[in-house]
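Student: The sequence isn't on hand, but the structure is:
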């Protein structure tokens, strides 16, 4: 395994990156750089040129506020708000404080709905970034099987004269957020639009997302899981561990109790990190911060080589999973033999 990059080690320019396997190699380098720095901020200011490639995503990427803040791992990423409707009132993820109203609505069983951002929202963002000097825009969005967000972005892409690359990442949460942050790092380091998009796809494709919900009813109401699976969980008291696979939410395993399901979820995550040196693990929660923080602490104790981050599940996702969700995303090296190719 190659050692992590030092803070002042230069990253190769796009022209120097290998043409074969470069996305896999660079995505691993990004994780190594994340490893040697605090997850929320850099240890020292860096003199970097303004990125030529602007990175846009939606709030389903679940990027923690400290990652988006000055010096954070995803600083500079533009997050387009996704609407959430609670009892007939529309809120904007990231612009309104949704934690309280959504928690109350979910606890009371009030109607909660979500929607994709409008093409006009994306057009406004793309026009602004073009005016600010971006030469290309990478727009990364949650799975098209779960939302029409990527389609809305495609409708807006023709409104600007610079190229816009739309990536349906086929996942959600920090399994998507890891790819977004990697693309932003690549843009800062000078990757061109095609290379940054390839890095995003490589990181998202190699990340896993598994989760456990107290009830499948919210997922059923939102059409994210079949009625048969919901009835099975309700009548038989089965607690399925769910995963996002090929863009869809699918049951992974069925366990008889919440405690056993939680333990099994951690077992699966441990199996992931065991094969991924330098893995980064994101623990999502909504309404159960203390419990999920303890799970993260347990994993960190068992695997001190792993980095963990706590990230509240955004309202647009929590609206479908309900209170008490535990979702865990793992990003790590794509393979132990990923080496820069020497192919011309």
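Tutor: Perfect, I can see it now. Here the structure is a predicted model, which means the values were calculated and not measured.
Student: Would you tell me which helix is longest in the chain?
Tutor: helix 258-274 (DSSP state H).
Student: tell me the average confidence for that helix?
Tutor: Taken as a whole, helix 258-274 has an average pLDDT of 93.
Student: Paired strands for the helix or strand following that helix, with orientation please.
Tutor: Downstream of helix 258-274, the first helix or strand assigned by DSSP states H and E is strand 280-285. Next to strand 280-285 in the sheet, as set by DSSP bridges, lie strand 307-312 (parallel), strand 326-331 (antiparallel).
Student: the bottom helix or strand of this protein by mean pLDDT?
Tutor: helix 227-235 (a mean of 45; mean pLDDT, DSSP states H and E).
Student: Below-threshold pLDDT in the stretch 51-200 of the chain: ranges please.
Tutor: Low-confidence segments of the stretch 51-200 of the chain, defined by pLDDT under 70: 51, 94-96.
Student: how about the strands in it?
Tutor: All strands of the stretch 51-200 of the chain, identified by DSSP state E, counting those that start in this stretch, fall at 53-58, 78-80, 83-86, 89-92, 112-114, 136-141, 164-168.
Student: Reformat these as a markdown table; add distance to residue 123.
Tutor: Backbone N, C-alpha and C define where each C-beta goes, glycine included. Compiled in a markdown table, the strands of the stretch 51-200 of the chain are given as follows (distance: least, C-beta to C-beta, whole Å):
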| stretch | distance to residue 123 |
| --- | --- |
| strand 53-58 | 11 |
| strand 78-80 | 11 |
| strand 83-86 | 16 |
| strand 89-92 | 17 |
| strand 112-114 | 21 |
| strand 136-141 | 11 |
| strand 164-168 | 10 |
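Student: Just send those back as JSON lines, with distance to residue 68 and mean neighbour count too.
Tutor: Shown next, in JSON lines, are these (distance: least, C-beta to C-beta, whole Å; neighbours: other C-beta atoms under 10 Å):
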{"stretch": "strand 53-58", "distance to residue 68": "10", "mean neighbour count": "27"}
{"stretch": "strand 78-80", "distance to residue 68": "7", "mean neighbour count": "21"}
{"stretch": "strand 83-86", "distance to residue 68": "19", "mean neighbour count": "20"}
{"stretch": "strand 89-92", "distance to residue 68": "16", "mean neighbour count": "14"}
{"stretch": "strand 112-114", "distance to residue 68": "21", "mean neighbour count": "18"}
{"stretch": "strand 136-141", "distance to residue 68": "14", "mean neighbour count": "27"}
{"stretch": "strand 164-168", "distance to residue 68": "19", "mean neighbour count": "21"}
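Student: Residue 239: which of these is closest?
Tutor: Taking C-beta to C-beta, strand 112-114 is the member of the strands of the stretch 51-200 of the chain nearest to residue 239, at 21.9 Å.
Student: other SSEs contacting the closest one?
Tutor: In terms of contacts (3 or more C-beta pairs under 8 Å, 6 or more residues apart in numbering; DSSP states H and E), strand 112-114 is packed against strand 83-86, helix 99-108, helix 315-321.
Student: got the contact list for the longest one?
Tutor: The set of residues external to helix 99-108 that reach it, using C-beta atoms under 8 Å, 6 or more residues apart in numbering, is 84, 86-87, 91, 110-112, 218, 286-287, 312, 315, 318-319, 322-323.
Student: could I get the strands paired with strand 280-285 as JSON lines with mean pLDDT?
Tutor: Shown next, in JSON lines, are the strands paired with strand 280-285 (pLDDT from 0 to 100):
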{"stretch": "strand 307-312", "mean pLDDT": "94"}
{"stretch": "strand 326-331", "mean pLDDT": "96"}
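Student: hey, which of those strands is tucked in deepest?
Tutor: Comparing these by mean neighbour count (mean count of other C-beta atoms under 10 Å), strand 326-331 comes out on top with a mean of 27.
Student: coming back round to it: format the strands paired with strand 280-285 as TSV; extra columns: distance to residue 141.
Tutor: As requested, those are exported to TSV (distance: least, C-beta to C-beta, whole Å):
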stretch	distance to residue 141
strand 307-312	18
strand 326-331	16
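Student: quick revisit: now the longest helix of the chain: buried residues?
Tutor: Across helix 258-274, burial judged by 16 or more other C-beta atoms under 10 Å covers 261-262, 264-266, 268-270, 272-273.
Student: returning to that earlier point: ranking the helices and strands packed on strand 112-114 by burial, who's on top?
Tutor: It is helix 315-321: most buried of the helices and strands packed on strand 112-114 by mean count of other C-beta under 10 Å, with a mean of 27.
Student: which helices and strands does that helix pack with?
Tutor: Packed next to helix 315-321, using 3+ C-beta pairs under 8 Å, 6+ apart, are strand 83-86, helix 99-108, strand 112-114, helix 217-221.
Student: same thing but 6 Å
Tutor: Packing partners of helix 315-321 (3 or more C-beta pairs under 6 Å, 6 or more residues apart in numbering; DSSP states H and E): strand 83-86, strand 112-114.
Student: Check the offset of that helix from the chain's centre.
Tutor: Chain-centre distance of helix 315-321: 14 Å, with C-alpha atoms, centre = their mean, to the nearest Å.
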